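Q: Sequence below, structure please.
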Amino acid sequence: MTSIPANPVASWPPTAPATPLAVLVSGGLDSAVLLAEAVRVYPAVYPLYVRTGLLWEPVERRYLDRFLAAVRSPVLRPLHVLDQPAGDVYGPHWSVTGEGVPDAAAPNDADFLPGRNVLLLAKPLIWCHLNGVPELATAPLASNPFPDATPEFYDRFAAVVSSAVGGRVTVIRPYAHLHKPDVLRRARGLPLEHTFSCVRPVGDLPCGRCIKCGERRRGFREAGMADPTRYAG
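A: So this is what the prediction gives:
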């Protein structure tokens, strides 16, 4: 039985929420499913993408644009892109250069990007405050091993940013008690062929060999679902 971390969302998606929601999106499976579920119930959903300048982002954005077009709805607002360049911090890291990218056999924590969630949350939290959106949803899973993905980190970081702007925006993590196959089972019928999980794309395709491609393939296999992804290898 999966243990539930502190402060999970009690019930997701909620029944007839009255306030808008911002969703932190990438091109990946988890945030795509989260967004699609939010669109079904919220009066307005604002997708936010943080562009940090990492290797895979141009391809990731193309997939995300296609996914948003496929799930379009009157409540789904246009994608808002926030720039938070990380190259000056990460330097010659594999996420910038593409050299030494962890492969599918690498340990679960081999794709650690230092302070990644600090970069991904800071501007979206301020954007939510300035635009009157009380909650920001993101999609970490129970298997996430990183120090900036704990319940304590999310709650404290949101509180710090809110205190800095005199606001009160909450970060919610509806999938914090789930694993990848659990999320995929919720996604039946969604256009998952328009999602992207790769840190070393080949042209416009996921490589099929990196740590994120391996995680994606295992997720579909363990969920008992066909993987609609076209891989380069």
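Q: From the chain's centroid, how far away is the lengthiest strand in the chain?
A: Criterion DSSP state E: the longest strand present in the chain is strand 45-51. Distance, stretch centre to chain centre, for strand 45-51: 10 Å (Cα atoms, centre = their mean, to the nearest Å).
Q: so for that strand, what's the average pLDDT?
A: Taken as a whole, strand 45-51 has an average pLDDT of 98.
Q: Mind listing residues that contact it?
A: 20-26, 35, 38-39, 57, 61, 64, 68, 73, 75-77, 79-85, 119-120, 123-124, 127, 131, 133, 136 (Cβ atoms under 8 Å, 6 or more residues apart in numbering). For glycine as for every other residue, the C-beta is placed from the backbone atoms N, C-alpha and C.
Q: residues contacting the residue nearest the centre of the chain?
A: In the chain, the centroid-proximal residue (Cα atoms, centre = their mean) is Ser31; its distance is 4.0 Å. Counting by Cβ under 8 Å, 6+ apart, Ser31 makes contact with 23-25, 138-139.
Q: Using PDB, write out the CA atom coordinates for the strand or helix carrying it.
A: Assessed by DSSP states H and E, Ser31 sits inside helix 29-39. Taking C-alpha atoms only, helix 29-39 is exported to PDB below (Å, rounded to 0.1, in the frame of the first residue of the first chain):
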ATOM      1  CA  LEU A  29       2.800  12.900 -19.000                       C
ATOM      2  CA  ASP A  30       2.100  13.900 -15.400                       C
ATOM      3  CA  SER A  31       1.500  17.600 -15.800                       C
ATOM      4  CA  ALA A  32      -0.500  16.900 -19.000                       C
ATOM      5  CA  VAL A  33      -2.900  14.600 -17.200                       C
ATOM      6  CA  LEU A  34      -3.100  17.000 -14.300                       C
ATOM      7  CA  LEU A  35      -4.000  19.800 -16.700                       C
ATOM      8  CA  ALA A  36      -6.600  17.700 -18.500                       C
ATOM      9  CA  GLU A  37      -8.300  16.700 -15.300                       C
ATOM     10  CA  ALA A  38      -8.400  20.400 -14.100                       C
ATOM     11  CA  VAL A  39     -10.000  21.500 -17.300                       C
END
